[in-house]
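Q: Test case, fold it:
(one chain, ligands or ions: 1)
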Amino acid sequence: MSDWLGIAGRRAVVTGAGSGIGRACAQALAAAGAEVIGVDRDLSALAGTGLAAESCDISVEADVLALAERVGPCDIVVNAAGIIRPGALSEVALADWNALIAVNLTGYLLTSRAFAIGMGGRGGGTLVHVASISGAHPQANSGAYSASKAALIMMSQQLALELGAQGIRSNTVSPGMVRTPMTEQYYAVPGVTERRGAAVPLGRVADPSDIADVVTFLASDRARYVTGADIVVDGGFTTTLMSWVPRPGYE
Ligand code: NAD
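A: Next comes the predicted model:
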């Protein structure tokens, strides 16, 4: 049982490894014995992580191709880089819409296909993309965010179909509410952490490690027959819809 996950010695590339969920994924994979290459557009964010650090803007194809060239073949890609841009769809600036899609969707495609080529050459590999429950549940005033995550979940399924014959798996993890630097602005407001936690059946907002452990499982051979899947990691939050319905006698 010492290496139950079978990840020891695998080469893993993690995007967005400088912060939040990506950093937790990189740490979890490293703890499982993988050789982890941390990728972020903010190289300084990778300082002190103990990871091999690579700078790359995943929305720029030339950057991603150069990254794949430098890093060489790998077994695992975790796509966790991401951005948010506020705005109602009636007025979101096209530049904001395009910038978000460029990172959260196109960037995931660019890294996936750049590294899938090398995976095919070594008999297979695994792609894990960090999506969101926002991909199945629209989030108002979040610009292109929900659309980008819905499209990512579908893109991952298509990758699973197209790459399965090469032994390459593609799956998404959809987190619910996670406290990270991306969302810290909300939790910094007094009471929000408690109110958000109270809305979750498991009674708390997620820590990045809650997501990273599921990502690590999907990246491992223990999930060898799992592809095209989306695993919701939200403490049960998205099962609470019926709790909104007034039902005298049952409350
Ligand atoms: P974060 O802001 O803490 O970390 C994101 C990292 O991605 C940063 O280090 C940033 O520099 C990097 N990055 C951004 N754009 C990049 C680019 N173009 N190229 C390379 N690196 C880039 O955010 P987080 O909360 O850890 O989010 C990680 C992923 O999880 C995102 O895809 C996000 O949408 C998703 N997610 C987050 C939550 C949450 O509640 N925090 C919930 C669901 C899904």
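
Q: CA only for contacts and neighbour counts going forward, please
A: Will do.

Q: is it true that Gly82 touches Val103?
A: Yes: between Gly82 and Val103 a contact is recorded at 6.2 Å, counting by C-alpha atoms under 8 Å.

Q: can you tell me which residues contact the most centrally placed residue in the chain?
A: The centroid of the chain falls nearest to Val130 when counting by C-alpha atoms, centre = their mean (1.6 Å). Each residue near Val130 by C-alpha atoms under 8 Å, 6 or more residues apart in numbering is listed here: 78-80, 172-175.

Q: switch to 10 Å and redo it
A: Contact analysis of Val130 by C-alpha atoms under 10 Å, 6 or more residues apart in numbering lists 21-22, 78-82, 104, 108, 149, 152-153, 171-175, 211-212, 215, 230-231.

Q: So what sits opposite it in the bridge?
A: Counting by DSSP bridges, Val130 forms beta bridges with Val173.

Q: any common contacting residues for Gly82 and Val103?
A: Residues within reach of Gly82 and of Val103 at once, by C-alpha under 10 Å, 6+ apart, are Ile58.

Q: State which helix of this structure is the longest.
A: What stands out as the longest helix in the chain, according to DSSP state H, is helix 145-163.

Q: which helices and strands does it pack with?
A: Packed against helix 145-163 by the contact rule (3 or more C-alpha pairs under 10 Å, 6 or more residues apart in numbering; DSSP states H and E) you find helix 94-101, helix 108-121, strand 125-130, strand 168-175, strand 230-233.

Q: so what strands line up beside the shortest one?
A: According to DSSP bridges, the neighbouring strands of strand 230-233, each with its direction, are strand 168-175 (parallel).

Q: Centre of the chain to the partner strand, how far?
A: The chain centre lies 8 Å from the centre of strand 168-175; the measure is C-alpha atoms, centre = their mean, to the nearest Å.

Q: Restrict the longest helix of the chain to CA atoms and write it as CSV.
A: Provided in CSV are the C-alpha atoms of helix 145-163 (Å, rounded to 0.1, in the frame of the first residue of the first chain):
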residue,chain,number,x,y,z
TYR,A,145,-17.0,32.3,-16.6
SER,A,146,-19.9,29.8,-16.6
ALA,A,147,-19.8,29.5,-20.3
SER,A,148,-16.1,28.9,-20.3
LYS,A,149,-16.5,26.1,-17.7
ALA,A,150,-19.5,24.5,-19.5
ALA,A,151,-17.4,24.5,-22.7
LEU,A,152,-14.4,23.1,-20.8
ILE,A,153,-16.4,20.1,-19.5
MET,A,154,-17.5,19.4,-23.1
MET,A,155,-14.0,19.9,-24.5
SER,A,156,-12.6,17.4,-21.9
GLN,A,157,-15.2,14.8,-23.0
GLN,A,158,-14.3,15.4,-26.7
LEU,A,159,-10.6,15.0,-25.8
ALA,A,160,-11.5,11.7,-24.0
LEU,A,161,-13.1,10.4,-27.2
GLU,A,162,-10.3,11.6,-29.5
LEU,A,163,-7.4,10.5,-27.4
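
Q: ranking the helices and strands packed on helix 145-163 by burial, who's on top?
A: Across the helices and strands packed on helix 145-163, averaging neighbours per residue (mean count of other C-alpha atoms under 10 Å) puts strand 125-130 on top, at a mean of 29.
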